[in-house]
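S.K.: have a look; sequence and predicted model below, questions after that.
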Amino acid sequence: MPRVAPRGRVLLTPRDPTVTLNRLQSGIGALTVEAVCSPAVGDVSLGALYELADGTSSIVERARGFVAGPHRSPTPVLRGDREEFEQLVLDLGQTGSLRRVLVYATSESGRELDWGGTLVTRTFGGSRVELPLDLGVHRGPVALLSIYVIDGEFVLRAETERIAGAVRDVARAYGYDRITWADDRTPVV
């Protein structure tokens, strides 16, 4: 499986959909995932389904008010943020408590989006993993990137799967079945 060189750049494609970060890239500082999309795409909301080593699962989606995971934790493993673009930030000091993450995107208002741009994942040391978001027009969420922790290293896999329905349908499709839901977009926390 390919690896990301220090300060290197990897482009995930259908032919090469996976890459592994080394132990330093997986365990120092933060890993930032950012949806770099022009305003022409629409009102992109970036979120993540996560599962911790103890089995705890839920979502982080800043636009829906779920800004950190685990919810109400004084030291969240994952948090939603926004600078110029929507972001998710993983605290790599807590890699040992994380099992997996699925990054997804959807329209904040539920509108149809004309997908374009790039999902950029950055390590603390300056390495980048890029995933083109040229997915065409779609209403509903898109599963973008899976992150698995395997022997202390992160394995990133491009998903780019358009899902019919809502965030709960993404959770079902990817086996996040320990999350209970108030409705199609709101987990019970």
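M.R.: Looks like it came in fine.

S.K.: switch to C-alpha atoms for all contacts and neighbour counts from now on
M.R.: OK.

S.K.: give me the pLDDT for residue 8.
M.R.: Note for residue 8: predicted pLDDT of 89.

S.K.: how about it, phi and psi?
M.R.: Taking degrees, to the nearest 10, you get phi -90, psi 180 for the backbone angles of residue 8.

S.K.: ok, for it, nearest residue in space, not its chain neighbours?
M.R.: Sequence neighbours aside, residue 127 is the residue nearest to residue 8 in space, at 4.8 Å (criterion: Cα to Cα, 6 or more residues apart in numbering).

S.K.: ok, now which ones touch the one you found?
M.R.: 4-9 (Cα atoms under 8 Å, 6 or more residues apart in numbering).

S.K.: make it 6 Å
M.R.: Counting by Cα atoms under 6 Å, 6 or more residues apart in numbering, residue 127 touches 6-9.

S.K.: point to the residue nearest the middle of the protein.
M.R.: Centroid-nearest residue in the chain: residue 103, 2.2 Å away (criterion: Cα atoms, centre = their mean).

S.K.: right, and that residue touches residue 145 too?
M.R.: Yes - because the distance of 5.1 Å satisfies Cα atoms under 6 Å, residue 103 is recorded as touching residue 145.

S.K.: next one: the residue nearest to residue 8 from residue 32, what distance?
M.R.: Distance, residue 127 to residue 32, by Cα to Cα, to the nearest Å: 11 Å.

S.K.: what of residue 147?
M.R.: Residue 147 is 12 Å from residue 32, where distance means Cα to Cα.

S.K.: what does residue 123 give?
M.R.: Distance, residue 123 to residue 32, using Cα to Cα: 7 Å.

S.K.: check residue 129 too.
M.R.: Look at residue 129 and residue 32: by Cα to Cα, they are 10 Å apart.

S.K.: quick check: neighbours shared by these two?
M.R.: Applying Cα under 6 Å, 6+ apart, one finds that residue 129 and residue 32 are jointly contacted by residue 121.

S.K.: residue 123 and residue 32: which has the busier surroundings?
M.R.: More neighbours surround residue 123 than the other of residue 123 and residue 32, with 24 against 20 (other Cα atoms under 10 Å).
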